[in-house]
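Asker: can't give you the sequence, but here's the structure:
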């Protein structure tokens, strides 16, 4: 994580994610309506997500499956956060 990421608010992060999802959807030439049909997420939810960044986690996961990015969720919270060098040393032993 760089210093710029620390300055982002939760809303900023949500909008960044929605922008990337919209970009991936358009790259795959999938309309909002088609994405709605294939993901079983309402068209209104998809439109709101792309405009505001607001969506349920369940719906976001469904959309990620359609777009082929479901594996990205495996990386969330995967790295352990260390508070000291001693914790790293202890874990290696």
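Answerer: Yep, that arrived. Since this is a predicted model, take the numbers as computed values, not measurements.
Asker: Point to the helix or strand of this protein where mean pLDDT is at its lowest.
Answerer: The least trusted helix or strand in the chain, going by mean pLDDT, DSSP states H and E, turns out to be helix 3-6, with a mean of 60.
Asker: Can you tell me the closest non-neighbouring residue to residue 88?
Answerer: Nearest non-adjacent residue to residue 88, counting by Cβ to Cβ, 6 or more residues apart in numbering: residue 82, 5.4 Å away. Yep, even glycine has a C-beta here, placed from its N, CA and C like the rest.
Asker: Could you pull up the residues touching the residue at minimal distance from the centre of the chain?
Answerer: Nearest to the mean C-alpha position of the chain, by Cα atoms, centre = their mean, lies residue 17 at 5.3 Å. Going by Cβ atoms under 8 Å, 6 or more residues apart in numbering, residue 17 touches 53, 60.
Asker: now the strand or helix carrying it, how far from the chain's geometric center?
Answerer: Using DSSP states H and E, residue 17 sits in helix 10-27. The chain centre lies 8 Å from the centre of helix 10-27; the measure is Cα atoms, centre = their mean, to the nearest Å.
Asker: Tell me where this structure has helices.
Answerer: Listed in chain order, the helices of the chain (DSSP state H) span 3-6, 10-27, 32-39, 43-52, 57-67, 85-92.
Asker: on that earlier part again, could you give the mean pLDDT of the helix holding residue 17?
Answerer: For helix 10-27, mean pLDDT rounds to 97.
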